[in-house]
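Asks: Provided below are the primary sequence and the corresponding predicted coordinates.
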Amino acid sequence: MDRLKALHSRAAMYARQRQWQNAARDLHEAVSIAADSTFETAATASVVASYAYVLRKTHQRREARDVERRLAALAGARHISSLVDVSELR
């Protein structure tokens, strides 16, 4: 998880400097690390959202749409997993 955060931070620095290719490279690696992890976190969602943004900045719209679909699936999975059946509480 520390490597994920470090890559995300460095990608943010590259993005502020408008070095989109370098940011995309770091975020691609971060997304790969996140995909290998067994849990989804807010940090993972943030990395995926950042990656979609940088892909759009580098004119990779199709790839950005694919990443955004993954982000939507992550958000949906988090909401579903937090649903509790009231009958289970008895």
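Replies: Here it is on my side, so go on.
Asks: contacts only, for the residue most central in space within the chain.
Replies: For the chain, residue 48 is the residue whose C-alpha lies nearest the centre (Cα atoms, centre = their mean; 1.6 Å). By Cβ atoms under 8 Å, 6 or more residues apart in numbering, the contact list for residue 48 reads 31, 34, 67, 70-71, 74. From N, CA and C alone the C-beta is placed, and that goes for glycine too.
Asks: output the below-cut-off pLDDT ranges for the chain.
Replies: The chain contains residues with pLDDT under 70 at 1, 38-40, 76-90.
Asks: mind listing what's buried in the biggest helix by length in the chain?
Replies: If you go by DSSP state H, the chain has its longest helix at helix 61-81. Buried residues in helix 61-81, counted by 16 or more other Cβ atoms under 10 Å: 63-64, 67-68, 70-71, 74.
Asks: that helix packs against which elements?
Replies: In terms of contacts (3 or more Cβ pairs under 8 Å, 6 or more residues apart in numbering; DSSP states H and E), helix 61-81 is packed against helix 42-57.
Asks: what residues of the helix it packs on count as buried?
Replies: For helix 42-57, the neighbour count (16+ other Cβ under 10 Å) marks 44-56 as buried.
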